[in-house]
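Trainee: task: produce atomic coordinates for the following.
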Amino acid sequence: MKKGIAVAVAGVALALAAGAEEPKNLDQEKAALMRTDVEFSAAAQKIGVGEAFLRYADEYATMLPAGKKAVNGLEAIRAELADFPRGATLVWTPVLVQVARSGDLGYTLGTYESRRTGADGKPVTSYGKYCSVWKKQKDGGWKWVVDVGTPSPEPGK
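Mentor: The predicted model follows:
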């Protein structure tokens, strides 16, 4: 699966490097995409992780959850996230954004923190990093089309 993720990210990087001439508003598009990812994380806290993922997903979105098979389409994503533990949180912070010269495809990279209650009743915190590939929509907004998350050690360790 790691090879598949590497191939997908490499393909996106190539698409971003190639493309048409650079639009005049590329910096604005980067800023808009960064805001969208920040708003996406905030929505996960307000309306729940599953609802936020669905609200910000393109209709043909694919999730690549760690240790599992790819999840394709909104209904499959809804089913995948239905088991997200009640009361658990998932907060992420984008640290890098890139947008293709064409202005219609981009990606964000960042870190995440998940908190939940373990089977023993004690708090459990996990950390990771993510890459989300985004597609510009007809209305000018951004929706994610590929989401990859991988576990990481606690920051600083």
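Trainee: go ahead and produce CSV holding the CA coordinates of the helix of greatest length in the chain.
Mentor: Assignment by DSSP state H gives helix 26-47 as the longest helix of the chain. Written as CSV, here are the backbone C-alpha positions of helix 26-47 (Å, rounded to 0.1, in the frame of the first residue of the first chain):
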residue,chain,number,x,y,z
LEU,A,26,-2.1,31.2,-7.9
ASP,A,27,-1.2,32.7,-4.5
GLN,A,28,-4.9,33.4,-3.9
GLU,A,29,-5.7,29.8,-4.8
LYS,A,30,-3.1,28.5,-2.4
ALA,A,31,-4.5,30.8,0.4
ALA,A,32,-8.1,29.6,-0.4
LEU,A,33,-7.1,26.0,-0.3
MET,A,34,-5.2,26.4,3.0
ARG,A,35,-8.3,28.2,4.4
THR,A,36,-10.5,25.3,3.2
ASP,A,37,-8.4,22.7,4.9
VAL,A,38,-8.4,24.7,8.2
GLU,A,39,-12.2,25.1,7.9
PHE,A,40,-12.5,21.4,7.3
SER,A,41,-10.7,20.6,10.5
ALA,A,42,-12.8,23.1,12.4
ALA,A,43,-15.9,21.6,10.9
ALA,A,44,-14.9,18.2,12.2
GLN,A,45,-15.0,19.6,15.7
LYS,A,46,-18.3,21.3,15.3
ILE,A,47,-20.4,18.8,13.2
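Trainee: outside of it, which residues touch it?
Mentor: By Cβ atoms under 8 Å, 6 or more residues apart in numbering, the residues outside helix 26-47 that reach it are 23, 51-53, 55-56, 89-94, 97-99, 101, 103, 106, 108, 110, 132, 134, 136, 141-142, 144. C-beta: built from backbone N, CA, C; applies to glycine.
Trainee: what ranges do the helices span in this protein?
Mentor: Counting by DSSP H, the helices of the chain are 2-17, 26-47, 49-55, 74-81.
Trainee: so what's S132 up against?
Mentor: 37, 107-108, 144, 146-148.
Trainee: which residues of the chain score low on pLDDT?
Mentor: 1-24 (pLDDT under 70).
Trainee: mind running it again at 50?
Mentor: 1-7, 10, 14-20 (pLDDT under 50).
Trainee: spatially central residue for it, please.
Mentor: S132 (3.5 Å; Cα atoms, centre = their mean).
Trainee: can you name the residues bridging to that residue?
Mentor: Note on S132: beta-bridge partners by DSSP bridges are T108, D147.
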